[in-house]
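In: Need the 3D shape of this:
(one chain, ligands or ions: 1)
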Amino acid sequence: TWDDSPVPDVQSTPQDSAFIRATRGLPVPHTPVWYMRQAGRSLPEYRALRAGVGMLESCMTPDVVVEITMQPVRRYGVDAAIFFSDIVLPLKAVGVDLDIKPGVGPVVASPVRTLEDVAAIPDLTPEHVPFITESVQRLVAELGGTPLIGFAGAPFTVASYLVEGGPSKEHARTKAMMFGAPEVWDALMSKIAGIAAAYLSVQVSAGASAVQLFDSWAGACTPEDYATYVQPYSARVLSAAGELGVPRIHFGVNTGSLLPLMAEAGADVVGVDWRTPLGTAIPAVGDRAVQGNLDPTLVFAPTSVMTSRAAAIVEAGRAARGHVFNLGHGVIPDTDPGQLEELTRFVQSIPVS
Ligand code: CP3
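Out: Numbering: from 1, shown residues only. Next up is the predicted model:
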């Protein structure tokens, strides 16, 4: 890189951290690493804490949120924490009747199908989520120099849960609304964009150092449809987040053909799943940092196989404006935490060239 200012080797503040520096394309002491879904079912200490406590209830209890968010930071020594919550939590907070069912995911009692259904969803204000503000503030104090990543679900992915009423493979009803009822689609996507922007603002105001917009299921759309029906709404969220002054990560799955559009939506860092090699993704996202993208199943391979694949990804990442190492999607629940510990140490120990 062109910047020759001194590289801090002690993470004294989140702003000096390898993670934040990489998102901004500044020189780093090592390639920073964290994992999507790092706080979760692969950790025995997580399962112990969650025993008998519902997912939504956990997300609304600051003691639980703080402890679960800290668990992977302590165990793996990752370069960033991700706030323990869920993409549907802000909907629950404004009053949408939904639950997160173990092994299933978010389930919505009355799917959203009409303009009236959309109008019945309130906008989000900080008063809806005092427990989020408290959890973030306490976490930031406890994390010290380790940055906290706040997050929200992107409009398309959240719309899919609201319209389908639960998890879906094809997103058929969602796309039927998108193609066939553009007024309802616009109202719904605008509503969710406003909620996501307000939710991110609460997290950053309370001290989060970066945000990630999860559009996990955007890869279901063709590039043309993404550009017409999805990108404008994600761009609103990312533009609002940009006003907050923190780096913005934009991630989806199966998005090989969407990467330039997801970058243009207003990302500082584009998350790449494992199907697209970084060598292909980097020129596609323009002058931006990338995040990713080890196949999450590689942690089930022998350690030496996993680390040699990780080394190749770190090497490929050097061509980007900045690179944050991650898996290509979330940690698989029966992942051996020992492997993630090895992987973290390995990536952090690769010398910068
Ligand atoms: O990354 C982290 O460690 C932070 C926590 C986090 C969760 N969900 C916790 C969770 C984050 C960032 C999310 C985001 C999320 N939620 C996404 C986008 C990321 C992705 O994986 O693509 C999506 C699509 C959801 C919706 C959702 N919520 C799903 C698909 C599931 C899993 C269903 C299952 O059990 O297989 C959930 C539930 C959920 N979110 C759990 C956790 C720890 C499991 C809760 C439980 O089983 O009780």
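
In: C-alpha only now, for contacts and for neighbours.
Out: Fine.

In: for the ligand, what are the nearby residues on this protein?
Out: 36-40, 55, 82-87, 100, 102-106, 214, 216, 330 (CA under 6 Å from any ligand atom).

In: Selecting buried members of these in PyMOL, what would you type?
Out: In PyMOL syntax, the buried subset of these is picked out as below (16 or more other CA atoms under 10 Å):
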select buried, resi 36+37+38+39+40+55+82+83+84+85+86+87+100+106+214+216+330
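
In: Narrow the residues of the chain next to the ligand to those in strands?
Out: 82, 100, 105-106, 214 (DSSP state E).

In: show me what contacts the residue of the chain at minimum distance from the ligand?
Out: Residue of the chain nearest the ligand, by CA to the nearest ligand atom: residue 37 (2.9 Å). Taking CA atoms under 8 Å, 6 or more residues apart in numbering, we find residue 37 in contact with 330-331.

In: Tell me how far it lies from residue 242.
Out: 24 Å (CA to CA, to the nearest Å).

In: can you give me phi and psi for residue 167?
Out: Per-residue torsions, residue 167: phi -60, psi 150 (degrees, to the nearest 10).

In: sec struct for the nearest residue to it once chain neighbours are set aside, please.
Out: With CA to CA, 6 or more residues apart in numbering as the criterion, residue 167 has its nearest non-adjacent residue at 6.0 Å, and that residue is residue 161. Following DSSP: H, G, I helix; E, B strand; the rest coil, the label given to residue 161 is helix.

In: Was I right to think residue 161 contacts residue 170?
Out: No: Residue 161 is not in contact with residue 170 according to CA atoms under 8 Å; the separation is 11.8 Å.

In: And the strands in the stretch 201-350 of the chain, which stretches?
Out: 210-214, 248-251, 269-271, 289-294, 323-327 (DSSP state E, counting those that start in this stretch).

In: what do you get for the stretch 1-150 of the chain?
Out: Using DSSP E, counting those that start in this stretch, strands in the stretch 1-150 of the chain cover 81-82, 98-101, 105-108, 148-153.

In: From the chain's centroid, how far away is the longest one?
Out: Strand 148-153 has its average C-alpha position 6 Å from the chain's average C-alpha position, going by CA atoms, centre = their mean, to the nearest Å.

In: Does anything pack onto it? Which helices or strands?
Out: With contacts defined as 3 or more CA pairs under 8 Å, 6 or more residues apart in numbering; DSSP states H and E, strand 148-153 has these neighbours: strand 81-82, helix 182-205, strand 210-214.

In: between these, which one is nearest to residue 254?
Out: Nearest of those to residue 254, taken as CA to CA: strand 210-214 at 12.7 Å.

In: tell me which residues of that closest one are tucked away?
Out: 210-214.

In: mind checking how far the residue nearest to residue 167 is from residue 88?
Out: In terms of CA to CA, residue 161 sits 8 Å off from residue 88.

In: what is in contact with the two at once?
Out: residue 106.

In: Let me see the contact set for residue 223.
Out: 257-258, 261.

In: Flag the shaky bits of the protein, pLDDT-wise.
Out: Where the chain drops to pLDDT under 70, the residues are 1-11.

In: and stretch 21-29, C-alpha only, in CSV?
Out: C-alpha atoms of stretch 21-29 as CSV (Å, rounded to 0.1, in the frame of the first residue of the first chain):
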residue,chain,number,x,y,z
ARG,A,21,-7.0,-0.8,9.6
ALA,A,22,-7.6,-3.6,7.0
THR,A,23,-11.1,-2.4,6.4
ARG,A,24,-9.6,1.0,5.5
GLY,A,25,-6.8,-0.3,3.4
LEU,A,26,-4.0,0.7,5.9
PRO,A,27,-1.0,-1.5,6.6
VAL,A,28,-1.5,-4.1,9.2
PRO,A,29,0.7,-6.1,11.6
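
In: which helices and strands does the strand or helix carrying residue 158 pack with?
Out: Residue 158 is part of helix 155-164 when elements are defined by DSSP states H and E. In terms of contacts (3+ CA pairs under 8 Å, 6+ apart), helix 155-164 is packed against strand 105-108, helix 172-180, helix 182-205.
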